[in-house]
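Asker: Sharing a model prediction with you, sequence too.
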Amino acid sequence: MADTIPNTIFDVAVIGGGPAGYTAAIRGAEYGLKVALIDASPRLGGTCLHVGCIPTKALLFNAEIWDHLKHADEFGIGGIGTPTLDWAAVLRRKDSIITRHVKGLEFLMKKHKITVVPGFACLTGPAQNGIHTVDVTVNGAASQVQAKNVIVATGSEAKMLPGLKADDRILTNIEILSLAAPPKSLVVIGAGAVGVEFASIFQSFGTEVTILEFLPRIVPVEDEEISKELTRLFKKRGIDVNTGARVEKVEKTDAGVKVTYTDANGKTQVKEAEKVLVGVGRAGLTANIGIEKTKIELERGLVKVNEAQETAEPGIFAIGDIVSGLPQLAHVGAMAGMVAMAKIAGRPFRPIRRDRIPGCTYTEPQIGSVGLTEAQAKEKGHTVKVGKFPFAGNSKATIVGSHDGFVKIVADAQYGEILGVHILGPQATELIAEAVAVLELEGTVEEMMSTIHAHPTLTESMLDAYAAVNGMAINA
Ligand SMILES: Cc1cc2nc3c(=O)[nH]c(=O)nc-3n(C[C@H](O)[C@H](O)[C@H](O)COP(=O)(O)OP(=O)(O)OC[C@H]3O[C@@H](n4cnc5c(N)ncnc54)[C@H](O)[C@@H]3O)c2cc1C
């Protein structure tokens, strides 16, 4: 507790114990800095661990097993009768994974001698004589933490449509993760990563899923071909995908919810369902934390930072979902935390490059992408060469029974530099790691065509895709 350490001046006070904040805290301790980590929640881990990355992927893994069991006979597995889903056990497993990792974080904080301060933190203004003071409130009791530097990592929350409030039928990522049972029907508003992931998971569990997306395509930040193929595959799985759909009204009915929307042809449509998930983006938690007492500048509610994650207020840094101009992803927040701590410790660092950030969407099949899309590369003036290889030509994909999707390489035609890699298919979120390294090392198509990939693996589809840029894929 802060009031038990009144005479301590920390090198850094980190506000927020999500992946951005706890990573920064650990890196700071590794540099030998004296670090305090303040979190309003009694359990560290933030959105990512409690109601984001980890629980959704736990459910997705259950969904994958369930999908395989539905086709057990294809794998020669008989005698298991009709599989049944014990939803309470599914949720228990998810919760136990969370608890295990909360304990892991507590262990890491102790190991690195990080002072964990429970409570809601608020900035008090600029540093006085080089020392910042942060007010901390817990259960009505106030205390203060003093530090030479402050890193703000307060994260984000789900945006709601105007006039709506989350409850047992109108859901955000929080409520949907503890439903008593998979709903019979679900309308998903918004087809970014969060929306399509829940759509995919619940469709596997037997929910009738309808997606309503305002933009002309789902997963709109991805390469257009990825959006198109995922739409086709979702429709094949029975998900009702509606793009260009503007939601006008969400009302509660006796049985659930009624969503009125204008479809792509301008016609009013009504969709009734047991539940509705609102997945229309996330708002940075920048209110009520004293930002107005500092020189910190906001841009549409998010904090402006320089390449070292410094805000306009000397000695105050910002990382994670509250930062403007970077995607709201756990691994981006974590790397930003390491950049900020390196700057504070006077160590070398590499600023985060937006075009080197992997984007992963954990649907069935998965999406993994990094770098420029074909359209972005052309916009930037590159003469582009594209190579595409379907998983249908990959022997490991046949073995794991997952032939949908492709690897697409976007390369510069003149020098062969690989500018972007876009994967839709089995283990795409793992495969993309190779592509991130290739882009980071400015690899070319020719170099990657000569890089030996083990057989039989899904990564061979990458080798074939690099070769496809020069029309020389072996397996297609
Ligand atoms: C459903 C869903 C699935 C997702 N899946 C993925 C995924 O697979 N991969 C991925 O990379 N990203 C994923 N994300 C995004 C990821 O969760 C966020 O990018 C990440 O959690 C941001 O980390 P953060 O540390 O900035 O904030 P958070 O994780 O939100 O943590 C912020 C912390 O700050 C604390 N806090 C807030 N205000 C205060 C205050 N004033 N004082 C003290 N403490 C405070 C909170 O209690 C919280 O612990 C997902 C998000 C959602 C919603």
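Answerer: Sure, I can see it.

Asker: Just the buried positions in the helix-or-strand element of the chain with minimal mean pLDDT, please.
Answerer: Scoring the helices and strands of the chain by mean pLDDT, DSSP states H and E places helix 53-70 at the bottom, with a mean of 95. For helix 53-70, the neighbour count (16 or more other CB atoms under 10 Å) marks 53-63, 66 as buried. Heads up, the C-betas are built off the backbone N, CA and C, glycines and all.

Asker: Kindly report the same for stretch 469-476.
Answerer: Buried, per 16+ other CB under 10 Å, within stretch 469-476: 469, 473.

Asker: Any chance you could list what contacts it?
Answerer: Contacts of stretch 469-476 with the rest of the structure, by CB atoms under 8 Å, 6 or more residues apart in numbering, involve 385-387, 389-390, 392-395, 409, 411, 416, 445, 449, 460, 464-465, 467-468.

Asker: Equivalent analysis for stretch 233-244, please.
Answerer: For stretch 233-244, using CB under 8 Å, 6+ apart, the contacting residues are 191, 196, 199-200, 203, 208-218, 231, 261, 263-264, 269, 363-365, 404-405.

Asker: Just the buried residues of that stretch, please?
Answerer: Buried residues in stretch 233-244 (16+ other CB under 10 Å): 233-234, 237, 239-244.

Asker: One more: stretch 452-469?
Answerer: Buried, per 16+ other CB under 10 Å, within stretch 452-469: 457-469.

Asker: re the thing from before, can the helix or strand just after the least confident helix or strand of the chain be said to contact the ligand?
Answerer: Following helix 53-70 in sequence order, the next helix or strand is helix 87-111 (DSSP states H and E). No. Using CB under 6 Å from any ligand atom, we find that helix 87-111 stays clear of the ligand, coming within 10.4 Å at best.

Asker: and whichever residue of the stretch 301-450 of the chain sits closest to the ligand, what pLDDT?
Answerer: Residue nearest to the ligand within the stretch 301-450 of the chain: residue 320 (2.1 Å; CB to the nearest ligand atom). Confidence at residue 320, expressed as pLDDT, is 98.

Asker: So the closest residue in space to it that isn't next to it in sequence, which state does it fall into?
Answerer: With CB to CB, 6 or more residues apart in numbering as the criterion, residue 320 has its nearest non-adjacent residue at 2.9 Å, and that residue is residue 20. With DSSP: H, G, I helix; E, B strand; the rest coil as the basis, residue 20 sits in helix.

Asker: Quick check, the residue of the stretch 301-450 of the chain closest to the ligand in contact with residue 17.
Answerer: No. Between residue 320 and residue 17 there is no contact, the gap being 10.8 Å when judged by CB atoms under 8 Å.

Asker: from the buried residues of helix 53-70, which single one is nearest the ligand?
Answerer: Of the buried residues of helix 53-70, the one sitting nearest to the ligand (CB to the nearest ligand atom) turns out to be residue 53, at 3.5 Å.

Asker: any idea how far the residue nearest to residue 320 lies from residue 14?
Answerer: Residue 20 sits 9 Å away from residue 14, taking CB to CB, to the nearest Å as the criterion.

Asker: so what sits against both of these two?
Answerer: Residues touching both residue 20 and residue 14 by CB under 8 Å, 6+ apart: 153, 337.

Asker: Go through the buried residues of stretch 452-469 and say which is closest to residue 275.
Answerer: Relative to residue 275, the closest of these is residue 458; by CB to CB it sits at 34.7 Å.

Asker: what's that closest one in contact with, if anything?
Answerer: Residue 458 neighbours (CB under 8 Å, 6+ apart): 391, 394, 396-397, 400, 425-427, 431.
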